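1. here is my input, please return the structure:
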Amino acid sequence: MNTIIKSSIEKSMSYEAYRALMMQLANEGRTTGDEKSVARIDFTKLNDRRMKRWDKTLKISEKSKKQLLDFSTNVTWLVITESWCGDAAHIIPVLNKIAELNPKISMRLIIRDENPELMDLFLTDGNRAVPKLIMIDDETGVVLDTYGPRPSEATGYVNRFKAANGALTPQFKEDLQHWYNNDRGLTAVEDVTEMLRKFQPSFYQ
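-> Next up, the predicted model:
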């Protein structure tokens, strides 16, 4: 196993520990990351509320549950994140629900700015975009795949807007939050189910 990945797993935290950290940061007016701006502190508070809501309300269909339970390879999902990241607040609770379903999947979380060497192994178009899920085979230590920073449909939505306008506007970012609320984690579940399918030929059969 890559030594950077191995050491990152060793110092990573559980979802429960991450949620406790989020709540503590929100209550104390703090944030993860190198930038400690008022905006990022405010986003951390907002994201704590988002994650609390998703933890309570997210549902995975019975069909998806059956498909996800068919995956039988022991893997670790190492997720790089930051408390202020809006995409992470919507996606990570979905990943947690999936990991809770299947005992073969162990999800761990780690903070991006505290682990630049790890982050730089998994850039998105040259950027340190989060959240980023790294799926590691527990037996071999091989990185099987990655996922993130956004669900496939949201990625297309963002890319089309950037192509037309050059950069994301505050209005677009607000629209993107509406997309997440309306999608209710469905696209992320479908994306991850497809990712798992690639590494198990019998999946879906």
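
2. where do the helices of this structure begin and end?
-> Secondary structure of the chain (DSSP state H): helices located at 3-10, 15-28, 38-57, 62-69, 86-101, 116-119, 152-165, 170-183, 186-197.

3. will you turn those into JSON lines that also has mean pLDDT, distance to residue 140 and mean neighbour count?
-> Where you see a C-beta, it was placed from the backbone N, CA and C, and this is true even at glycine. Shown next, in JSON lines, are those (pLDDT from 0 to 100; distance: least, Cβ to Cβ, whole Å; neighbours: other Cβ atoms under 10 Å):
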{"stretch": "helix 3-10", "mean pLDDT": "96", "distance to residue 140": "12", "mean neighbour count": "14"}
{"stretch": "helix 15-28", "mean pLDDT": "98", "distance to residue 140": "24", "mean neighbour count": "16"}
{"stretch": "helix 38-57", "mean pLDDT": "98", "distance to residue 140": "32", "mean neighbour count": "16"}
{"stretch": "helix 62-69", "mean pLDDT": "94", "distance to residue 140": "22", "mean neighbour count": "14"}
{"stretch": "helix 86-101", "mean pLDDT": "98", "distance to residue 140": "20", "mean neighbour count": "23"}
{"stretch": "helix 116-119", "mean pLDDT": "97", "distance to residue 140": "19", "mean neighbour count": "16"}
{"stretch": "helix 152-165", "mean pLDDT": "95", "distance to residue 140": "27", "mean neighbour count": "13"}
{"stretch": "helix 170-183", "mean pLDDT": "95", "distance to residue 140": "34", "mean neighbour count": "13"}
{"stretch": "helix 186-197", "mean pLDDT": "96", "distance to residue 140": "16", "mean neighbour count": "20"}
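
4. so which of those is nearest residue 131?
-> Minimum separation from residue 131 across the helices of the chain (Cβ to Cβ) falls at helix 86-101, 4.1 Å.

5. from residue 77, how far out is residue 192?
-> Here the criterion is Cβ to Cβ, to the nearest Å. By it, residue 192 lies 9 Å from residue 77.
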